[in-house]
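task: produce atomic coordinates for the following.
(chains A, B and C)
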Amino acid sequence: MAEFSWDIRSPLDRALVAGPYGARGEDGVTLIEIRNFDLVQVMTRRGAAGEMAKAAQARFGVAAPETPKAVSAGDATLIWSGPDQFLVLSKGGRHTMEALAPVFAGSASLSDQSHARALISVSGDKARAMLAKLSSIDLHPDVFGVGAAAATSMDHTSVTLWRGKDRNAQAVFNVLVFATFAESLWHTMLDSAAEYGVTISHSEDLV
Amino acid sequence: MRIVCPFCGERELGEFTYLGDAKPQRPAADAGEDAIYDYVYLRDNIAGPMSEHWYHGGGCRAWLKVTRNTLTHEISSVEPAAGAGAAKVGA
Amino acid sequence: MAGDQANRLNNGGLIDRSAALNFRFDGKTFSGFKGDTLASALVANGVKLVGRSFKYHRPRGILTAGSEEPNALVELRSGARREANTKATTAELYEGLEAASQNRWPSLNFDVMSVNQLLAPIFVAGFYYKTFMWPAKFWEAIYEPAIRRAAGLGRAAQVSDPDHYDKAWAHCDVVIAGSGPAGLAAALAAARCGARVILCEEDFVLGGRLLADAGTIDGLHAAEWVARAVAELEAMPDVRIMTRTTLFGVYDGGTYGAIERVNDHLPVPPEHQVRQRLWRIVAKRCVVAAGAIERPIVFAGNDTPGVMMASAMRSYISRYAATPSRRIALFTNNEDGWRTAETAIAAGLQVAAVIDARPDVSPAHRSLASKGGFPVLHGSVSGVDGGKVGVRKISVLLTGGARAEVEADGLAVSGGWNPAVGLTSYHRGRPKWRDDIAAFVPDGAPPGIVAAGAANGAFSLGACLREGFEAGAAAARDAGRSGNTGSTPLANDEAFSLTPLWHVKGKGKAFVDQQHDVTASDIELAQREGFESVEHLKRYTTLGMATDQGKTSNVAGLAIMAAVTGKSIPETGTTIYRPPYVPVAIGAFAGHHRDENFHATRLTPSHHWAAEQGAVFVDTGLWKRAQWYPRAGEKDWLESVTREVKAVRSGVGFCDVSTLGKIDVHGPDAGAFLDRVYINTFSNLAVGKARYGLMLREDGIVYDDGTTSRLAEDHYFLTTTTAKAGLVMQHLEFCRQVLFPELDVQLTSVSDQWAQFSIAGPKTRDLLKEIVDPAEDLSNEGFPFMGAREVNLRGGLTARLFRISFSGEMAFEISVPARYGEATARNLMIAGKAFGVTPYGTEALGVMRIEKGHVAGPELSGTTTAADLGLGKMMSTKKDFIGRVMAGREALVAPNRQVVVGIKPVDKTRRLRSGAHIIPKGETPGPDNDQGYVTSVCFSPVLDQWIGLGLVERGRERIGEIVRAHDPLRGEDYDVELCNSVFYDPDGGRQRG
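This next block holds a predicted model:
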């Protein structure tokens, strides 16, 4: 009998070419695709808001977000994704569907989104200028601070956007985009960033 | 146009989809054909403030009841639909 | 001689004499300097004639120095970058610029079409309507092409624009349109309060009229004050200064449109950069400091090259150090016009005369006249002698009735100033008339917008600064900022005394709208013919409908209309103002969205694998789907598709069906919820089973279909058609949030989470046994038809398996997490190798569903009921569901409805075409005898002939009847037989086996 190997491929596997792109000698935008993460959508059931909140607090040690923000919880990030719902982003199998199902039994419905999204982190001097071409959200530091999140659209494509912790004193914007749209949005991102000079890479580590 | 989503804050029009008049209520199962007919087809053509259904499909996927002046596009109120963000309400 | 900048002053101006730029106009080489516009460089080179007019092909020169220019329109650049109707007055000069005059043949100096001037009587207002009435078909064939050749302006490039455009959002507290004294003062006040400020300036230099008219502000020369203000603004992090950017539109909710000409000033944009960028600016407040536009006075010959707006003449002399004329006459009805005489004298030019329509002239100007040695004539210009070589002699009608003549090579005209009321009038705001300045000023501006300075009718420098500063401070306060504004910049308030004068009667054509060749007599004619309303006047004469949107002509036009109707100007009123304020390239509106980026594209998880296999892709909504997989030697698509179908029907094949919409329906009430949205029942579906479902619209018409599986007591997995995926999600959210808020149910799109493949054919089980863990029971007993559950795959992956079939064959759908999608395609090829596994595309999928009589998009057409589709029995009578009541309406259950039926040509060699009408035999084709149409067709490899489905009146009762397929579009008419819609394996033994 034949042997089967189940290679995993990110939706950006083909499109992403690591290295510099666009204007030479510039380094305005850094794009990093984060690969192979676990992502679970948690949706509170009717009348179970209190119970769900307690379960989340007990599991993650922080309160689940009730407004558009991303909460860092050590080995997971809880990102608001709509009323009565948030996403649990993690690595290494710590907060998979299987792990979370007993935690939220009865208080929330869970839906696996681990393969449904691609995660792109955007940073650099020109990150805001580049994102202004894609996003209608005001990303001014006074308005969209660290931990701010938005369920929004980029280039007519639904995304979850949040600002992570600063890296090298620069703002980091994380974009979760639906996997089948990822390559299309990626090319649009490259087109938007090209004039500023882009550094492209991918990583297995959540930032 | 910009709509202040009660969940997300102010967002641009492109994130929303318009449905129409939010007044008509779906009749009960036994209401009869005339009531359903009115619900499906009869609409007031309002020149002024009108209650409308909008969907924040490009955002948090909440259905909203928006009161919009059809003459000026001025939006005087935005409320979530009864079942949007209702987890705190008992089942 | 041209080419040597003979009309360039030796000193002064905001040009860089160390940076000479060569350019070509109509094939001739000239030079200019950095800081020039094309117009100022042409002026410096003594070029007066720059184009031919729209209708009459009259020689035209440069009238203005800004974006209001009606005449000096050129084709800029060449080849694919050729850009028609570009204003020479705003086109920034660059090395190598190429421009050509428009609407002339063979050359600007000798233009054949200028004979149109002799035909002038027929080109009057409304001539299109009057002249080419009959016969109707002549219009398209003869009149229109001829008119298009004769009239019109520049030529489009006719090839794809090689440059890129993009769009961006910006957010601020206060956006300011214009960087003249009012705009700069507003920016300073708002920024000092701590507001986030965006300052838009359409010019490439900040300063507005200060660039030409100078003055003293806070004791400093205007240029110095501007430099200081700009430096202060640039030092503030939340101030963005955008030059080459025109704020062109005001939209609801504080959204503004602006066009930034990022690289129009370069021959070709630098690599990776755009030519233009469209901005959507979201601002809490807007200060319109867009200034005012000097208006012409209408008199005979006012379009002669060399006639120029007085302020424009000052701009060319002061800002560009270029002299349009050597000996200048000035015709003014106001104090401000006199500045041109002052400027001319200061520059060492000769003033031939000042013709002032007012009874009095100030003592200061009297002494200027005596110092300059020129006469002041009280009266009006009644005619200009010149033609294409430019102004030579000016006829003056003196106030007492006597006539005089003035010899001059240029005529500066000032009829007063019109505040730029466009932006403040875009939400149907109607500007109001102010008698003291004889102009319209903003009124009823959209919320959040205020005009300041000249845009608000304040014409003195001091007032501009005060109004701008106050407006900026107030806007910042309204936006919630409160800082120290510092003190208001101070300057003098010059007098502005004006006696209104719109039109001087005289012999010869007197132009109101120079771009559209509308004359004063056209307006009088329109009035005589009953087109008195300004909106009618506009459309009948085309006044103000050209690319300049009547910036120099509208007010004069309605003043003339007011005069002939005996009404006042405010009674006559203005037309409605609409954006954009300046022409905006379609490319800028499209931005990134062109060619392959026209819309976002969705790729299935096995896309790149399919591409490696040589698949031909088809656009299905946003998706790229593999349509078929051609093999070497196959002569056309039909051969490939037929091979794929035969391979599936005789062996096994697979197809990526990940494009179906997939929705997780969770919660205790999930079953009850589905019962309400589907016509059939799901609450009684056993865990581990799938069921086909049909949903209706509330009006009883079929909305969508698909299979839904119950994976747990409180978890259903619902699928939709590819086309309706997003809409069904929206519909279900509506049901959940609006219609049935009492149900505890949660919805999530999982379309992107799962890669899904349909595996079909008699050897499907053989293939699956290779790849599925041997412990899994795939027998009919262990995995019956419509079963749905998780299985382990060899190599350690868990998948979902659904035993559903749309091909009529034994089939399963396998669903894996999407990042394994590509591996799954590869592994299915390995697992099926021994059985001749064949990947198939959407065409083969379609053939098999038609052979099997399954309805799809063409039958779910938005007009069909469940019963029309042969699915009426699915409608539950035990529950309420969306569409239940309306589906029972008389017309929707009428016995003569068009219902789905099979159709095959009587002549088996004949190709059936979708769209053909079904007509009873022996009847004449026509609406009365039209009994339906062919919806879906395919070549059936099983039956070896073309077959199809159709919607035909009482179709199911007429099986075996021969009818006509009438196809007037393709000129075909042939006999077809109505038959059972299930062509293949009607008992369904194969898919259950």
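
burial count for the nearest residue to A:Asp155 once chain neighbours are set aside?
Nearest-residue entry for A:Asp155: A:Thr188, 5.0 Å, with adjacent residues in sequence omitted and distances by C-beta to C-beta, 6 or more residues apart in numbering or on different chains. For the C-beta atoms, the positions are set from N, CA and C on the backbone; glycine is no exception. A:Thr188 sits with 22 neighbouring residues when counted by other C-beta atoms under 10 Å in any protein chain shown.

quick one: pLDDT of A:Thr188?
Looking at A:Thr188, its pLDDT stands at 97.

correct me, but it touches C:His599?
No - judged on C-beta atoms under 8 Å, A:Thr188 makes no contact with C:His599 at a distance of 10.9 Å.

hang on, C:Ala866 is in a strand, isn't it?
No - the assignment for C:Ala866 (DSSP: H, G, I helix; E, B strand; the rest coil) gives coil, which keeps it out of a strand.

pLDDT score assigned to it?
So, for C:Ala866, pLDDT stands at 97.

roughly how far apart are it and chain A?
30 Å (C-beta to the nearest C-beta, to the nearest Å).

need phi/psi at the nearest residue to that residue once chain neighbours are set aside.
Ranked by C-beta to C-beta, 6+ apart and with sequence neighbours excluded, the top spatial neighbour of C:Ala866 is C:Gly872, at 5.1 Å. Here is the backbone geometry of C:Gly872 (degrees, to the nearest 10): phi -60, psi -30.

run a quick neighbour tally on C:Lys873.
Using other C-beta under 10 Å: C:Lys873 sits among 10 other residues.

low pLDDT regions in chain C?
C:1-3, C:115, C:118-123, C:127-152 (pLDDT under 70).

with just CA atoms, put the longest helix anywhere in it into CSV.
Criterion DSSP state H: the longest helix present in chain C is helix C:461-478. C-alpha atoms of helix C:461-478 as CSV (Å, rounded to 0.1, in the frame of the first residue of the first chain):
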residue,chain,number,x,y,z
LEU,C,461,-6.1,90.3,2.6
GLY,C,462,-6.9,91.3,6.2
ALA,C,463,-10.3,89.8,6.1
CYS,C,464,-9.1,86.5,4.5
LEU,C,465,-6.6,86.1,7.3
ARG,C,466,-9.1,86.9,10.1
GLU,C,467,-11.8,84.7,8.7
GLY,C,468,-9.4,81.8,8.0
PHE,C,469,-7.9,82.0,11.5
GLU,C,470,-11.3,82.2,13.2
ALA,C,471,-12.7,79.3,11.1
GLY,C,472,-9.6,77.2,11.8
ALA,C,473,-9.8,77.8,15.6
ALA,C,474,-13.6,77.1,15.6
ALA,C,475,-13.2,73.9,13.6
ALA,C,476,-10.5,72.7,16.0
ARG,C,477,-12.8,73.5,19.0
ASP,C,478,-15.7,71.7,17.4
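
can you name the element that comes right after that helix?
strand C:511-513 (DSSP states H and E).

care to break the chain down by domain?
All of this is about chain A. Following automatic domain parsing, chain A resolves into domains at A:19-35+A:115-203, A:38-112.

my question was about chain C, not that one.
For chain C, automatic domain parsing gives the domain ranges C:1-159, C:165-292+C:419-478, C:307-406, C:602-658+C:754-848, C:661-749, C:895-993.

most tightly packed of these?
Of those, the one with the most neighbours on average (mean count of other C-beta atoms under 10 Å in any protein chain shown) is domain C:165-292+C:419-478, at a mean of 23.

is that one anywhere near chain B?
Yes - Domain C:165-292+C:419-478 lies within reach of chain B by C-beta under 8 Å from any C-beta of the partner chain, at C:Trp169, C:Tyr251, C:Asp252, C:Gly253, C:Gly254, C:Thr255, C:Arg280, C:Val282, C:His427, C:Pro447.

what about that domain and chain A, any contact?
Yes - judged by C-beta under 8 Å from any C-beta, domain C:165-292+C:419-478 comes into contact with chain A at C:166-171, C:196, C:238, C:271-274, C:280, C:282.

now do the end-to-end distance for that domain.
In terms of C-alpha to C-alpha, to the nearest Å, the two terminal residues of domain C:165-292+C:419-478 are separated by 34 Å.

chain center to it: distance?
24 Å (C-alpha atoms, centre = their mean, to the nearest Å).

for stretch A:43-54, same thing?
24 Å.

what's that stretch in contact with?
A:42, A:63-64, A:84-85, A:104, A:106-111, B:86-91, C:666-668, C:744, C:746, C:748 (C-beta atoms under 8 Å, 6 or more residues apart in numbering or on different chains).
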